[in-house]
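Enquirer: how would this look folded up:
(one chain, ligands or ions: 2)
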Amino acid sequence: MVKIAPSILSADFGILREEVIALENSGADLVHFDVMDGSFVPNLTFGPHVLKSIRPYLNIPIDVHLMVKNPVEMIPWFANAGADIITIHAEAVTHLDSALDMIRQHGKIAGVSLNPSTPENVLEYVLDKVDLILVMTVNPGFGGQEFISSQLEKISKIKEMIRGYDIEIEVDGGINPMTAQECAAAGADILVAGTSVFATDEYKQNIDALR
Ligand code: DX5
Ligand code: ZN
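Expert: Residues are numbered from 1 along each chain as shown. Ligands and ions are numbered 1, 2, ... in the order given. As a prediction, this is how the structure comes out:
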């Protein structure tokens with residue numbers, strides 16, 4: 001069954017502790033933590049201090065998505081603050097191979113994310129170093145954008161590419177009950193969703209609708 005990773009980008013930051021507890025109690029499999037630096041993407045969110053503050057209130061894994069220009073410098077910050085998964089953008093690093101090694105050396109699950117315009121072949125020679133591939137189905141930076149359907153083909157191609165490897169495919173951006181189904185059919189294992197989970201106070205109902 002597909003896993004659901006609500007993105008706290010759409011949460012009420014004034015009551016973030018209550019929000020993450022509610023997500024876990026509503027059946028979230030992971031909590032997706034969107035880090036934006038105002039440079040790699042034109043938006044600014046939160047950093048390792050916020051991660052450290054919410055970590056004690058969650059039993060489920062925290063999935064850190066680094067939309068930053070210098071992820072290599074920040075891997076230790078988020079590893080020490082309690083991340084379980086650390087995902088970096090292929091577009092942001094010169095040496096993807098060694099950056100992925102660094103995440104595993106910190107004992108974390110190593111993820112790599114691709115913007116919509118980035119082809120999947122950048123992953124070809126790092127498949128033995130990756131645990132998770134995050135396919136962006138919007139241009140990163142903001143919640144509430146429209147799903148880019150050309151990425152369904154990319155998900156299928158990656159599914160084929162990782163045959164025989166222990167790698168999960170995660171999809172992020174514009175996920176609603178309809179696009180969730182399309183992504184799962186194309187081969188996605190984990191669906192990130194902000195807008196559709198936080199659309200109403202019924203988080204459990206919204207998560208179940210995606211599943
Ligand atoms: C976008 C973020 C996403 C975002 C998804 O840059 O990486 O995780 O929160 O939001 P929705 O579900 O609203 O598209
Ligand atoms: Zn994200």
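Enquirer: So for whatever residue of the chain ends up closest to ligand 2, what pLDDT did the model give?
Expert: Distance from ligand 2 to each residue of the chain (Cβ to the ion) is smallest for H65, at 3.8 Å. For the C-beta atoms, the positions are set from N, CA and C on the backbone; glycine is no exception. On the pLDDT scale, H65 is placed at 99.
Enquirer: Check R163 too.
Expert: On the pLDDT scale, R163 gets 98.
Enquirer: mind checking which helix or strand it is in?
Expert: Using DSSP states H and E, R163 is not contained in any helix or strand.
Enquirer: and it, how many neighbours?
Expert: Other residues lying near R163 total 7 when counted by other Cβ atoms under 10 Å.
Enquirer: V130 now?
Expert: 22.
Enquirer: list the contacts for it?
Expert: Contacts for V130 were tallied using Cβ atoms under 8 Å, 6 or more residues apart in numbering; they are 100, 110-112, 123, 165, 167.
Enquirer: So V112 lies in a strand, does it not?
Expert: Yes. Counting by DSSP: H, G, I helix; E, B strand; the rest coil, one finds V112 located in a strand.
Enquirer: G27: what secondary structure?
Expert: Local secondary structure at G27 is given as coil here, using three-state DSSP.
Enquirer: contacting residues around it?
Expert: 4, 204, 207-208, 211.
Enquirer: how close does the residue nearest to the spatial centre of the chain get to P119?
Expert: With distances taken as Cα atoms, centre = their mean, the residue of the chain nearest its centroid is H65 (5.0 Å). H65 sits 20 Å away from P119, going by Cβ to Cβ, to the nearest Å.
Enquirer: what distance separates the start and the end of stretch 165-182?
Expert: For stretch 165-182, the first-to-last residue distance is 23 Å (Cα to Cα, to the nearest Å).
Enquirer: try stretch 69-87
Expert: Stretch 69-87 has an end-to-end distance of 13 Å (Cα to Cα).
Enquirer: got it, and stretch 125-136?
Expert: End-to-end span of stretch 125-136 (Cα to Cα): 20 Å.
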